[in-house]
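Asker: This is a predicted model, with the sequence first.
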Protein chains: 2
Amino acid sequence: MIAEAMWRVILDKGMEGATVRNIAEEAGLSLGALRHYFRTQDDLLVYAMTLVQERATARIEQVARQALPPKEMVLAVLYEIVPLNAETRAEMEVWFAFIAYVNHRKDELPIPDDGVLEGVRKVLAYLEVSRLLSEGLDIDLEVERLYGLMDGIAIHALLQPNRLDADRVRRTIRYHIESICKK
Amino acid sequence: MIAEAMWRVILDKGMEGATVRNIAEEAGLSLGALRHYFRTQDDLLVYAMTLVQERATARIEQVARQALPPKEMVLAVLYEIVPLNAETRAEMEVWFAFIAYVNHRKDELPIPDDGVLEGVRKVLAYLEVSRLLSEGLDIDLEVERLYGLMDGIAIHALLQPNRLDADRVRRTIRYHIESICKK
DNA sequence: TTTTATTTGATACAGGTGTATTGTTTATCC
DNA sequence: GGATAAACAATACACCTGTATCAAATAAAA
């Protein structure tokens, strides 16, 4: 609840606007009440960040549990990693702000893992055991490549939504997956 | 000179630490002197941001002018886009901080273009006229894919330098280029 | 050298910042 | 019921923020 308030403030005013007073007001609390739950601003930050990550992970795992043909399931999972609708878009926007902020405070704050790298590993392993992958691929580099592609597309879709719309995002991802699968 | 001071402050204390006082001190100026050159903080921000972009562009264009075999030249250019040494790493770190900050002030501040998309277009067009590209590629989607890959790898190299070192970055990029070129 | 413009410095202002303190309300338990 | 603890609110503190003001120093031009 308080974390959601922090997300809304970040979406609205950015990281600079994410002050304890703004967050308290957005959550309908007084300064003292907010402080009762989070003794310091960093505590709140870490909590809100963890929650974004958990929410995204839960969403992706739910998609992964759907009964679909292998390639379709893989694509469905990859589509969840990237901002294709208002919800995932907001999520990614907040996540991006968090990462950028936490990046220059590595010593004090933990840099959380978004789990995308591990997800990409599983996805490629699944295509492999399904005998869908082309022969002669370097799986290790394929992981690195898909991982980079996914986060790159995610950021581009976030920063340039007009140029890179949802359909173009899907086509690019599908194009890449097709390129590493048997004809 | 003042812009460089701002970069150093951002590298050291992040965007939150990039206050007019910190920047003035780093530049060896008084508050009034700094204000004489930049009436407002946003003016300084836009100036410093433009300078990073121009510096990176100049560096990349210089590499592109080298006389090298087509594929080697293409790789050399792509390597410049990504943080592989301390200099380009610092540059990218500052750029990342700028973009994240400016992202939630779209209405007030201009979001500068880093020129990577245009560079990727040129690079692929060059491979095409050099008759190095495989047959049957969708050039439009290949641009989107390489564009995403480059920025994705750049961010990963920035945020996870231990896992993704310079050699692994080069191998991944080379692997991708080889995958779209004739055998 | 005197006049003009540029550059610099010190200080002030109004407002925002995270955190601390202290008290009051509300709920929970025996 | 009364006691104990949790939840909340108001206020205060010391500090930092961007910007403005105004005077002094330096340089350039006449």
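Answerer: Received the coordinates, thanks.

Asker: Which residues are in contact with the spatially closest residue to A:Leu68 that is not a sequence neighbour?
Answerer: In this structure, A:Leu68 finds its nearest non-sequential neighbour in A:Ala76, 6.3 Å apart by CB to CB, 6 or more residues apart in numbering or on different chains. All C-beta spots, glycine's among them, are computed from the backbone N, C-alpha and C. For A:Ala76, the contacting residues are A:Val63, A:Gln66, A:Leu68, by CB atoms under 8 Å, 6 or more residues apart in numbering or on different chains.

Asker: Okay, A:Ala76 and DNA strand D: tell me how far apart.
Answerer: For A:Ala76, the distance to DNA strand D equals 40 Å [CB to the nearest atom of the strand, to the nearest Å].

Asker: host element of that residue?
Answerer: In this assignment (DSSP states H and E), A:Ala76 forms part of helix A:70-81.

Asker: could you point out which element follows that helix?
Answerer: helix A:86-103.

Asker: what is the orientation angle of that next one with helix B:86-103?
Answerer: Using axes from the mean of the first three to the mean of the last three CA atoms, to 10 degrees, the inter-axis angle of helix A:86-103 relative to helix B:86-103 is 130 degrees.

Asker: Now do helix A:86-103: which elements does it pack against?
Answerer: helix A:2-13, helix A:41-64, helix A:139-159, helix B:86-103, helix B:139-159 (3 or more CB pairs under 8 Å, 6 or more residues apart in numbering or on different chains; DSSP states H and E).

Asker: Does DNA strand C have contacts with the longest one?
Answerer: Looking back up the chat, that one is helix A:41-64. Yes - judged by CB under 7 Å from any atom of the strand, helix A:41-64 and DNA strand C are in contact via A:Gln41, A:Asp42.

Asker: tell me the mean pLDDT over that helix?
Answerer: For helix A:41-64, mean pLDDT is 96.

Asker: Same question for the third one.
Answerer: Computed over helix A:139-159, the mean pLDDT rounds to 98.

Asker: Now do the contacts for the residue lying closest to A:Asp113 once chain neighbours are set aside.
Answerer: The shortest distance from A:Asp113 to any non-neighbouring residue, by CB to CB, 6+ apart, is to A:Gln53 (7.8 Å). Residues counted as contacts of A:Gln53 (CB under 8 Å, 6+ apart) are A:Trp95, A:Pro112, A:Asp113, A:Asp114, A:Gly115.

Asker: Distance of A:Gln53 relative to A:Leu84?
Answerer: According to CB to CB, to the nearest Å, A:Gln53 stands 19 Å off from A:Leu84.

Asker: how near is the residue of chain A positioned farthest from its centre to B:Glu91?
Answerer: Most distant from the centre of chain A: A:Gly32, at 32.2 Å, with distances by CA atoms, centre = their mean. Using CB to CB, A:Gly32 is found at 44 Å from B:Glu91.

Asker: A:Leu133 now?
Answerer: 37 Å.

Asker: Contact residues of chain A facing DNA strand C?
Answerer: So chain A meets DNA strand C at A:17-22, A:31-32, A:35, A:39-42 (CB under 7 Å from any atom of the strand).

Asker: Pick out whichever of these sits closest to DNA strand D.
Answerer: A:Gly32 (2.1 Å; CB to the nearest atom of the strand).

Asker: For the closest one, pull up the helix or strand it's in.
Answerer: Per DSSP H and E: A:Gly32 is located in helix A:31-37.

Asker: in that helix, what counts as buried?
Answerer: Neighbour counts over helix A:31-37 (16 or more other CB atoms under 10 Å in any protein chain shown) mark A:Leu34, A:Arg35 as buried.

Asker: do the same with stretch A:83-103
Answerer: A:83-84, A:88-103.

Asker: Same question for stretch A:11-18.
Answerer: Quick answer for stretch A:11-18 (16+ other CB under 10 Å): A:Leu11, A:Gly14, A:Met15, A:Ala18.

Asker: I'd like the average pLDDT over stretch A:19-37.
Answerer: 97.

Asker: ok, now stretch A:6-13?
Answerer: 97.

Asker: and that stretch with chain B, contact?
Answerer: Yes - against chain B, stretch A:6-13 shows contacts by CB under 8 Å from any CB of the partner chain at A:Ile10, A:Leu11, A:Lys13.

Asker: What count of nearby residues applies to the first one?
Answerer: When you say that, I think you mean A:Ile10. 25 (other CB atoms under 10 Å in any protein chain shown).

Asker: I figured it hits A:Phe96, correct?
Answerer: No - between A:Ile10 and A:Phe96 there is no contact under CB atoms under 8 Å: 9.7 Å.

Asker: ok, now which ones touch the nearest residue to A:Ala100 once chain neighbours are set aside?
Answerer: Of all residues not flanking A:Ala100 in the chain, B:Ala100 sits nearest, at 3.3 Å (CB to CB, 6+ apart). B:Ala100 makes contact with A:Met15, A:Phe96, A:Ala97, A:Ile99, A:Ala100, A:Tyr101, B:Met15, according to CB under 8 Å, 6+ apart.

Asker: Wait, the fourth one touches B:Leu158, no?
Answerer: It stands for A:Ile99. No - contact criterion CB under 8 Å: A:Ile99 and B:Leu158 do not qualify, at 10.2 Å.

Asker: Start and end of stretch A:28-41, how far apart?
Answerer: End-to-end distance for stretch A:28-41, by CA to CA, to the nearest Å: 17 Å.

Asker: Do that stretch and chain B come into contact?
Answerer: No - Stretch A:28-41 lies apart from chain B when judged by CB under 8 Å from any CB; the minimum separation is 11.8 Å.

Asker: next one: that stretch to chain centre, how far?
Answerer: Relative to its chain's centre, stretch A:28-41 lies at 27 Å (CA atoms, centre = their mean, to the nearest Å).
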